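Asks: Mind folding the following:
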Amino acid sequence: MSVRIAKIAIASDLHLMAPELLEKEGSAFDKALLSDRKLLVESPEIISKLFNDIISDKPDILLLTGDLSKDGERASHELLRRMLTKVSDAGIHTFVIPGNHDINNPLAAIYNGEEHRKADHITPEDFAEIYRDYGYDVTKGDIIERGPRLSYLAEPVEGLWIIAIDSNIYEENFEDHYPNTNGSLSNEDHEWIKDVGRRAAERGKILLGMIHHGVLEHFPLQSVIAGEYLLKNWLRDSEKIADAGIRVVFTGHFHAQDAVMRRFRGGYLYDVETGSPVTYPCPYRIVKVYEDRLEVKTNYIKLKNETTGGLKLKEYAYNNLQAGMPGMIAFVIEYIRRHYPGKVTDHQAEMILNAYPAFEDLIMAIYTGHLLGDEKGLEYNPDPEDALIHPKPGDKLSQLRKFMQGIYPQYDRIFAVIENCLYDTSVPDNQLTIPLL
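Replies: Here you go, the predicted structure:
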């Protein structure tokens, strides 16, 4: 009988927004929501309930894998530090790493009606000080050492090492006037990871990783259409991580419940991505660590009150996402037009926006299906071969493809990604067992 070593709770992409940052709702804040329909106003209540639910689960450890704040505001980070007190007071070892939103973020703002002004942001040094008790105080018994930048190594439970890896690129954010979404690992990072892996093997430690960016593709061609959600050199980096003896890395960033596995000559590697509490379906994970395996399952935040309009949080978040989808599509089109001139004409943009209502249920099904995980296709096309090779003439999937080909033939490659997202392409996403031997 295998002995259980620890129980871990995992949450990612909290995007906590301190209430004082929204002095008055209005067009300025509405514009900020266009790029991503997070439940920012509700975030303090959602995160508080998340922590209460986790405390009720009685884990030994809590891992928070980045994007702790809306946009790196000092007020949001300091609020989270105060909120984490009740978790640590419950005897739960808590560890954090930064995400791309958290440090040197030029978008940190205070919103007041139609205007916004800069809010106080934090630096890497500030991050380490604010979260001193949650990974950065090497005088604490559970912190073994600091690594490059904001990486560190911890042993919260005897026999279990947690390697927290800072993959963010925040040095030039203010020069670029935007927080860099990409992630990257340097040679120094890899040398440290390799050394930690060697020591863990010599001492018989279970070694688990946490990092904000994806280290493996979570759907085919993700590196082409959404590469900024992966490490820049993800294929090289993931092989080196596997070669270091790490078998499981907990990630975030894309706000989806997804797990993938890839085999390398030096072993195999699982990337277990966790969605966001402030984005549908509002999940977190519970992981039981045994000597020979991990048992991973998904929980959902249990919130239903006046804030959610009497709906369960998952349903409330779905409705919020649906209401904001047209604005998100318009934002993406404008982003493409601004950064890649000539890719989308005025006429093409107008046609896409006008056609959206006809395809809303299909687009929502595809997008939320990936966020939820364990994708099984569309209700009217549950069989992958039937859906992708012999689609029914009347299906909206076929109609959408013809529409996209008609206005811009080059979209066909993007449509291949949409089709691939209809079905889970690797291991189960929400409940899985991962071998450690």
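
Asks: would you list every one of the helices in this structure?
Replies: With DSSP state H as the criterion, the chain has helices at 27-33, 43-57, 74-89, 124-130, 173-176, 187-203, 222-225, 234-243, 313-339, 346-372, 384-389, 396-407, 412-420.

Asks: Comparing these, which yields the minimum mean pLDDT?
Replies: Mean pLDDT per stretch puts helix 384-389 lowest among the helices of the chain, at a mean of 50.

Asks: can you redo the helices of the chain as a markdown table with mean neighbour count and distance to residue 252?
Replies: All C-beta atoms are positioned from the backbone trio N, CA, C, and that covers glycine. Formatted as a markdown table, the helices of the chain follow (neighbours: other CB atoms under 10 Å; distance: least, CB to CB, whole Å):
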| stretch | mean neighbour count | distance to residue 252 |
| --- | --- | --- |
| helix 27-33 | 16 | 20 |
| helix 43-57 | 19 | 14 |
| helix 74-89 | 18 | 15 |
| helix 124-130 | 17 | 16 |
| helix 173-176 | 13 | 19 |
| helix 187-203 | 16 | 18 |
| helix 222-225 | 16 | 15 |
| helix 234-243 | 21 | 15 |
| helix 313-339 | 16 | 17 |
| helix 346-372 | 15 | 13 |
| helix 384-389 | 13 | 28 |
| helix 396-407 | 16 | 29 |
| helix 412-420 | 15 | 21 |
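
Asks: Now render those as JSON lines, adding distance to residue 250.
Replies: As requested, the helices of the chain are exported to JSON lines (distance: least, CB to CB, whole Å):
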{"stretch": "helix 27-33", "distance to residue 250": "28"}
{"stretch": "helix 43-57", "distance to residue 250": "15"}
{"stretch": "helix 74-89", "distance to residue 250": "17"}
{"stretch": "helix 124-130", "distance to residue 250": "19"}
{"stretch": "helix 173-176", "distance to residue 250": "25"}
{"stretch": "helix 187-203", "distance to residue 250": "15"}
{"stretch": "helix 222-225", "distance to residue 250": "18"}
{"stretch": "helix 234-243", "distance to residue 250": "12"}
{"stretch": "helix 313-339", "distance to residue 250": "22"}
{"stretch": "helix 346-372", "distance to residue 250": "17"}
{"stretch": "helix 384-389", "distance to residue 250": "28"}
{"stretch": "helix 396-407", "distance to residue 250": "33"}
{"stretch": "helix 412-420", "distance to residue 250": "24"}
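
Asks: Out of these, which is closest to residue 155?
Replies: Set against residue 155 and scored by CB to CB, these come closest in helix 187-203, at 9.8 Å.

Asks: Show residues contacting the closest one.
Replies: For helix 187-203, contacts defined as CB atoms under 8 Å, 6 or more residues apart in numbering pick out 147-148, 151, 153, 161, 163, 165, 167, 185, 205-207, 237, 240-241, 243-246.

Asks: could you redo the last one with a cut-off of 7 Å?
Replies: The contact list for helix 187-203 (CB atoms under 7 Å, 6 or more residues apart in numbering) reads 147-148, 151, 153, 161, 163, 165, 207, 240-241, 244-246.

Asks: Just among these, which is most surrounded?
Replies: When neighbours are counted by other CB atoms under 10 Å, residue 165 leads the contacts of helix 187-203 with 32 neighbours.

Asks: Please report how far the residue nearest to that residue when sequence neighbours are not counted lies from residue 267.
Replies: With sequence-adjacent residues excluded and distances taken as CB to CB, 6 or more residues apart in numbering, residue 165 is closest to residue 211, at 4.3 Å. To residue 267, residue 211 is 17 Å away according to CB to CB, to the nearest Å.

Asks: So between the two, which is more surrounded?
Replies: Neighbours per residue, other CB under 10 Å: of residue 211 and residue 267, the larger number sits with residue 211, 28 against 14.

Asks: list the contacts for residue 5?
Replies: 157, 159, 160, 206, 289, 290, 291.

Asks: coming back round to it: so which of the helices of the chain comes closest to residue 98?
Replies: Among these, helix 124-130 comes nearest to residue 98, with 5.6 Å by CB to CB.

Asks: other SSEs contacting the closest one?
Replies: The elements that helix 124-130 packs onto, with contact taken as 3 or more CB pairs under 7 Å, 6 or more residues apart in numbering; DSSP states H and E, are helix 74-89.

Asks: which residues touch residue 216?
Replies: By CB under 7 Å, 6+ apart, residue 216 lies in contact with 234, 238, 260, 262, 269, 271.

Asks: again, only this time at 8 Å
Replies: Counting by CB under 8 Å, 6+ apart, residue 216 has contacts 230, 234, 238, 260, 261, 262, 269, 271.

Asks: Among those, name the buried ones.
Replies: 230, 234, 238, 260, 261, 262, 269, 271 (16 or more other CB atoms under 10 Å).

Asks: got those as CSV, with distance to residue 376 columns?
Replies: As requested, the buried ones among the contacts of residue 216 are exported to CSV (distance: CB to CB, whole Å):
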residue, distance to residue 376
230, 24
234, 26
238, 27
260, 17
261, 19
262, 22
269, 25
271, 21
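
Asks: Sitting in strands, which of these do you find?
Replies: Among the buried ones among the contacts of residue 216, the ones falling in strands (DSSP state E) are 260, 261, 262, 269, 271.

Asks: Identify the farthest-apart pair in those.
Replies: Using CB to CB, these span at most 9.0 Å, a distance reached by 260 and 269.

Asks: If anything else comes up later, I'll come back, but that's it for now.
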